[in-house]
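Q: Got a predicted model here, sequence first, then my questions.
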Amino acid sequence: MSIIKSKNLVHEYIRRDEEGNVESIQVALDHVNLNVEPGQFISILGHNGSGKSTFAKHINALLTPSEGTLYVDGMNTSDDEFTFAVRQTAGMVFQNPDNQIIASVVDEDVAFGPENIGVPTEEIVKRVDKSLKMVGMQKYKSHSPNKLSGGQKQRVAIAGVMAMEPKCIILDEPTAMLDPDGRKDVLQAVHTLNKEKGITVILITHYMEEVVDSDYVFVMEKGKVFMEGTPREIFKDVELLKEHSLDVPQVTLLAHELRKSGLPLPECILTREELVENILKLEKTQAASHTVSRAAGDKASEKASNNELILDHVSYKYSPGTAYEVTALDDVSLSIKEGEFIGVIGHTGSGKSTLVQHLNGLIKATEGHIYYRGQDIYDKDYDIKELRTQVGMVFQYPEHQLFETTVFKDVQFGPKNQGLDEKEQIKRAYEALGLVGLPEEFYLASPFELSGGQKRRAAIAGVIAMKPNVIILDEPTAGLDPKGRDDILGMIAEMHKKRGDTVILVSHSMEDVANYVDRIIVMDAGKPAFDGAPKEVFAHYKELEKMGLAAPQVTYVMNDLKAAGLDVRTDATTVDEAKEEILCYVK
Amino acid sequence: MVKGLRSIVILLIIAGLFNLFLTPGRTIISFWIFTVSDVGLKNAVLMTSRMVLLIIGTSVMTLTTTPNQLTDGMEKSLGFMKKFNVPVHEISMMMSIALRFIPILIEETDKIMKAQMARGADFESGGLIKKAKNMVPLLVPLFVSAFRRANDLSFAMEARCYNGGEGRTKMRPLQYSSLDQRAYICIAIYLIVFYSAKVIL
């Protein structure tokens, strides 16, 4: 018997005006038919607004169908009688790790579920221990959740669900707000639960790499299931996925591109090993004949431009002199040239955010000096407010800083603080909104009515409007789906091209950064570990891995090929480069 | 000495010295421009020991008791008020959630403040009205975020079968033990000694 069965499931969000008349109906789920067998690992893919989260909330009876029926372990979720039984059978983990932890101590939080369903005391203690062990968090039993990392918090949340002994666990984008390390830990925990305890897992995500290991995949769009099958069947149709702006794992994409160029590779390759094995099976062509065109690829990036920002032996300590002293930056010396496009990479806690906040004087270094265009910003008579208009900073989740009644007014906020007159404010707001590509019909809308990606654009415009010479973006793609991510990164690159300004992009995703920047600074333990062009930095992929970072998948493929005896250059960082390089050698 | 205590010690010394030298009364010792009176001496000792007790008391409580234990205790000790339709469980639940989210909201405030400062906002200068007006770019996003969190949290709680206080069990139920008995006895003795000392002295 299937554990989850939906029949023509429809859900409508109905918006009513003040008198209770229906203003608009938004169909979030449109006749969804779906079947999940016990013990399966299921993934549901789709971008934001595709209805996947709405569907997840139905399985947990947080929402009930407008039409159609949904059975969870044979129970109809529309029946109030079963509400709590359904929630016990199908536990749910949400996206934001902070907003689902109820208690101030880890074990008390895990106990929250069993307490609610009236499990006897001794049994709760046993269950809490067992669940924390399952996710590898027993060491943190009496810690405060505030002291944990995002990945650890998510594992606590999973333990909290497991303590209710469910048959099925639904994870709604559990890794969207995590760094690569945390993401790996959470996925591993989920896979262990599935394999060892036989728990049915429903993973909702927009990261394609996470889907590869699942038994069956549903792809949703506009409230409908538009593709379903095993991961292999789904990824076979790369063109269709791309058409729907869904991401494809780099390895699969590379294989697809190679096939298109005429290499006889099998359809749909999912893992690195498969790809390498298959390429090696192909005949090698006359190897040495292609060395000619190579050197041209490295365009000399030595533009004789001025130093915009110089950091001279900068150190920063949090709460210096107390028991909580933490060294966030350790004797950093860097220079940033005018017009550069720089990526700053590092895992959480590596000091990358602290570093960039120094650049516009939001944090003052405990030691060392910072020079902006030759002037020491710590000089007594240096105008730090002026610096902040020169060095613009877009924070992580910038949409959380929107506050005005209209988007336009919000964008005007910066120029207004600069003391510009009304006319100039309006001009700048127009320009900025144009640059970020926000459609004009939203200019007078409330910023809170926009979608996630649009909000982010509006917030970025708020910084651009101040016409800074340097723009720093701290994780500008965090929490966006692949389409939103590509859009925002494309927009940033476009803007850089148009304005010729200095852009500093902080990220923990190598793949995002490799495609756009000219220079990468890798931060580790408060120090720049590597600094150079993407190709130079990724050549250290083994060291990067030790720091909890990963080079782009294609870098691994190229290195694997080289290790297997194929004399390819290993410095390809994008799918296109890798394709060209491989095509030189095999046909 | 722990660094965090430094400011408190300074405060204690100042309070003690002020009381010691600046309280009028019968002079005990006097040197140079300082005079110590009997009332001053008594006040200084009382004031500093009061403050020390206050600090020790709150520290001991926060270091030994988790917020959940605290609210559990409150729920139990005020349980009799349920008879008068006071939602004791709900109130204590709200308190424990509030305690859990205070550090998160502080962090968030800091983040939004920095973000607005990067856009040239000024939270320091100006008169009272201007200052209050300048807080709008901070408060609006903070409220929006707090509501969003509340919404998320309510879903998360419901998903874990939360349904009010009825039929709930506890991982660590509060049980009256010999330790509690001793604590009560200590408090009783303390109160008696305290009041008799006050009457006698």
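A: That came through, no problem.

Q: Contact partners for the nearest residue to residue A:221 once chain neighbours are set aside?
A: Nearest non-adjacent residue to residue A:221, counting by C-beta to C-beta, 6 or more residues apart in numbering or on different chains: residue A:50, 5.1 Å away. Just so you know, the C-beta spots here come from the backbone N, C-alpha and C atoms, and that holds for glycine as well. Neighbouring residues of residue A:50 by C-beta atoms under 8 Å, 6 or more residues apart in numbering or on different chains: A:220, A:221, A:222, A:223.

Q: Quick one, grab the pLDDT at residue A:50.
A: pLDDT, residue A:50: 85.

Q: Can you tell me how far it is from residue B:201?
A: From residue A:50 across to residue B:201, the span is 77 Å (C-beta to C-beta, to the nearest Å).

Q: Break chain B into its domains for me.
A: Chain B breaks down into these structural domains: B:1-64, B:66-201 (assignment by automatic domain parsing).

Q: Confirm that residue B:35 sits in a strand.
A: Yes: membership of residue B:35 in a strand is supported by DSSP: H, G, I helix; E, B strand; the rest coil.

Q: isn't it right next to residue B:21, touching?
A: Yes: Residue B:35 lies in contact with residue B:21 (C-beta atoms under 8 Å); the separation is 7.0 Å.

Q: near chain B, which residues of the stretch 1-150 of chain A?
A: A:57, A:60, A:62, A:84, A:87-88, A:91-92, A:94, A:96, A:98-105, A:107-108, A:111-121, A:124-125, A:128, A:145-146 (C-beta under 8 Å from any C-beta of the partner chain).

Q: helix/strand/coil for the closest residue to residue A:75 other than its chain neighbours?
A: Nearest residue to residue A:75, sequence neighbours excluded (C-beta to C-beta, 6+ apart): residue A:82, at 4.1 Å. Put simply, residue A:82 is helix when judged by three-state DSSP.

Q: Surely residue A:82 and residue A:73 touch.
A: No: judged on C-beta under 8 Å, residue A:82 makes no contact with residue A:73 at a distance of 9.4 Å.

Q: packing partners for the least confident helix or strand in chain A by mean pLDDT?
A: Lowest on mean pLDDT, DSSP states H and E among the helices and strands of chain A sits helix A:510-514, with a mean of 78. Where contact means 3 or more C-beta pairs under 8 Å, 6 or more residues apart in numbering or on different chains; DSSP states H and E, helix A:510-514 is packed against strand A:341-345, helix A:534-538.

Q: give me the low-pLDDT residue ranges for the chain?
A: Here I'm looking at chain A. Low-confidence segments of chain A, defined by pLDDT under 70: A:283-305, A:323, A:587.

Q: my bad, the chain I had in mind was chain B
A: Those would be B:1-4, if you go by pLDDT under 70 across chain B.

Q: just so I have it, where are all the strands in it?
A: With strands called from DSSP state E, chain B shows them at B:27-31, B:34-37.

Q: biggest helix in chain B, by residue count?
A: helix B:88-118 (DSSP state H).

Q: about what we covered before: now the contacts of residue A:50 as CSV including neighbour count?
A: Listed next are those as CSV, based on neighbours: other C-beta atoms under 10 Å in any protein chain shown:
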residue, neighbour count
A:220, 25
A:221, 18
A:222, 14
A:223, 24
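
Q: mind listing which of those are in helices?
A: Among the contacts of residue A:50, no member lies in helices (by DSSP H).
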